[in-house]
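**Student:** Just the structure for this:
(one chain, ligands or ions: 1)
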Amino acid sequence: MSAFAPRVFSGVQPTGNLHLGNYLGAIRKFVALQESQDCIYCVVDLHAITAQLVHEDLKSQIRSITAAFLAAGIDPKRHIVFNQSRVSGHAELAWIFNCVARIGWMNRMTQFKEKAGKDRENASLGLLAYPSLMAADILLYRATHVPVGDDQKQHLELTRDIAIKFNNDFSERIAAAGVGTPVQMGEETVNGYFPITEPLIEGPATRVMSLKDGAKKMSKSDPSDLSRINLTDDADQIARKIKKAKTDPDALPSEPAGLAGRAEADNLVGIFAALSERSKADVLSEFGGRNFSEFKPALAELAVTSLGPVTGEMRRLLAEPAHIDAVLKDGGDRANEIAEQTMRDVKEIVGFLQ
Ligand code: TRP
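**Tutor:** Now for the predicted structure:
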């Protein structure tokens, strides 16, 4: 056990509109964690410029993620909600981590390889250093737990590698500065400054697929709006999209094993299970043997009652940008207080004059 106070940190990029997949996969989990943990939820706008420098309307994208956090029920008074670029410590600590991490670590990242594509030489340096900034986001607050999707697991491992190397390379300085904390690193307990953060990985159960193709993830970039439920859709749109979702002609099986090879059926049952917080097996014990003509209206009704209030609140908040801006400013001020203390310690550890 580490001696760090438990703290949750997570980030969402302000790119594209939010949909049911983001809600069930990430945001709803953030909401659940706030009951038992101190949480910091960040709109990572500095990350948004790594893949594409110029954005149509970054400000409204930042407000939209913030609105989704609030509409889903995150309490910005008990916890912290802010946008990353407001707190200069993120970029500052990322620079130091750029000097801790090795180029080889970054080159191995799957997400970098995918996003950079064939022309790696032409990717931004920021895209290569992306995981270093992500490590800075987390460690600036010495966060102990990070809820993220499966695809971010490798970045979390890299965050741990950076914390381990920093703790090891500076162990004497950390002790001399009197800012160390016992950190469990493998078998050993060492005097470290950064915790070895634990990922809280969501299972594949919450992966929401396209309503038009069960083999593809629900995505904001799919040209068909019918493929996803947006967090701004009203009750009629939600119901209509579920009714138009792709299915197969067979009745539902009575056990999850029967969903094998039926990607669309599996997805709709998965959405039903996630929205009602039941297992797929439980849902199928109720709907097994029934046709989609019965299941879809039940799913539409469930989606409208459970999501309708969230999407309604989202639209209401978006109409009130001044309120959102005030939440971000207040959150930024409180985040900055924590960040400044960390940066003072880190500068002392590294040996800068201050
Ligand atoms: N890389 C994450 C994603 O694309 C976003 C992110 C940035 C993040 N910084 C973070 C997530 C810190 C968790 C913690 O999903």
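**Student:** doesn't L299 make contact with F272?
**Tutor:** Yes: with contact defined as Cβ atoms under 8 Å, F272 and L299 form a contacting pair (5.1 Å). The C-beta positions use only the backbone N, C-alpha and C, and glycine is treated the same way.
**Student:** Common neighbours of those two, please.
**Tutor:** Shared contacts of F272 and L299, defined by Cβ atoms under 8 Å, 6 or more residues apart in numbering, are absent.
**Student:** quick one: contacts for whichever residue of the stretch 151-300 of the chain sits closest to the ligand?
**Tutor:** Nearest residue of the stretch 151-300 of the chain to the ligand (Cβ to the nearest ligand atom) works out as Q152 at 5.2 Å. Q152 is in contact with P199, counting by Cβ under 8 Å, 6+ apart.
**Student:** what comes into contact with stretch 48-60?
**Tutor:** 13-15, 45, 61, 115, 124, 126-127, 129-130, 133.
**Student:** for that stretch, how far is the first residue from the last?
**Tutor:** With Cα to Cα, to the nearest Å as the measure, the ends of stretch 48-60 fall 13 Å from one another.
**Student:** what mean pLDDT does that stretch have?
**Tutor:** Averaging pLDDT along stretch 48-60 yields 95.
**Student:** what's the answer for stretch 140-154, then?
**Tutor:** pLDDT averaged over stretch 140-154 gives 94.
**Student:** And stretch 191-199, by the same measure?
**Tutor:** On average, stretch 191-199 scores 95.
**Student:** Can you flag which of the contacts of stretch 48-60 belong to strands?
**Tutor:** The members of the contacts of stretch 48-60 all map outside strands under DSSP state E.
**Student:** So of these, which two are at opposite extremes in space?
**Tutor:** Using Cβ to Cβ, the pair of the contacts of stretch 48-60 lying farthest apart is Q61 and A129, separated by 21.7 Å.
**Student:** Which secondary structure state is assigned to the residue in the chain positioned nearest to the ligand?
**Tutor:** Of all residues in the chain, the one sitting closest to the ligand is G11 (3.2 Å; Cβ to the nearest ligand atom). With DSSP: H, G, I helix; E, B strand; the rest coil as the basis, G11 sits in strand.
**Student:** What residues of the longest helix anywhere in the chain count as buried?
**Tutor:** Determined from DSSP state H, the single longest helix within the chain is helix 321-350. Residues of helix 321-350 classed as buried: 324, 327-328, 331-332, 334-336, 338-339, 342-343, 345-346, 348-349 (neighbour count, 16 or more other Cβ atoms under 10 Å).
**Student:** So among the contacts of stretch 48-60, which ones count as buried?
**Tutor:** 13-15, 45, 61, 115, 126-127, 129-130, 133.
**Student:** can you narrow those to ones near the ligand?
**Tutor:** Q13 (Cβ under 6 Å from any ligand atom).
**Student:** For the residue of the chain closest to the ligand, which non-adjacent residue is closest in space?
**Tutor:** Ranked by Cβ to Cβ, 6 or more residues apart in numbering and with sequence neighbours excluded, the top spatial neighbour of G11 is V44, at 4.0 Å.
**Student:** Next: Q34.
**Tutor:** With Cβ to Cβ, 6+ apart, the residue lying closest to Q34 is H79, at 5.4 Å.
**Student:** What parts of the protein come near the ligand?
**Tutor:** 9-11, 13, 44, 47, 134, 137-138, 146, 148, 152, 155.
**Student:** let's see 8 Å
**Tutor:** 9-13, 26, 42, 44, 47, 84, 111, 130-131, 133-134, 137-138, 143, 146-149, 151-152, 155-156 (Cβ under 8 Å from any ligand atom).
**Student:** Can you list which of those are found in helices?
**Tutor:** Judged by DSSP H, helices contain the following of the residues of the chain next to the ligand: 47, 111, 130-131, 133-134, 137-138, 155-156.
**Student:** out of those, who's nearest W105?
**Tutor:** For these, the nearest to W105 is P131 (7.8 Å; Cβ to Cβ).
**Student:** if I pick the closest one, what's in contact with it?
**Tutor:** 101, 105-106, 109, 112, 155, 158-159.
**Student:** let's see 6 Å
**Tutor:** Residues counted as contacts of P131 (Cβ atoms under 6 Å, 6 or more residues apart in numbering) are 109, 155, 158.
**Student:** Emit the ChimeraX select command for whichever of these are buried.
**Tutor:** Per 16+ other Cβ under 10 Å, the buried members of the contacts of P131 correspond to this ChimeraX selection:
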select :109,155,158
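**Student:** just the contacts of P131 now: which is nearest S293?
**Tutor:** Using Cβ to Cβ, these come closest to S293 at H155, 43.4 Å.
**Student:** Without its sequence neighbours, what residue ends up closest to D233?
**Tutor:** T311 (5.6 Å).
**Student:** Which element, helix or strand, includes that neighbour?
**Tutor:** Assigned by DSSP states H and E, T311 belongs to helix 292-318.
**Student:** ok now do K216, which residues does it touch?
**Tutor:** S210.
**Student:** rewinding a little: just the buried ones out of the residues of the chain next to the ligand, please.
**Tutor:** Buried among the residues of the chain next to the ligand by 16+ other Cβ under 10 Å: 9-13, 26, 42, 44, 47, 84, 130-131, 133-134, 137-138, 143, 146-149, 152, 155-156.
**Student:** Return, as residue ranges, the portions of this protein with sub-threshold pLDDT.
**Tutor:** Within the chain, the stretches with pLDDT under 70 are 1-2, 203-205.
**Student:** residues near the closest residue to D169 other than its chain neighbours, how many?
**Tutor:** Here the nearest residue to D169 in space, its sequence neighbours aside, is V100; by Cβ to Cβ, 6+ apart that works out to 7.3 Å. V100: 18 surrounding residues under other Cβ atoms under 10 Å.
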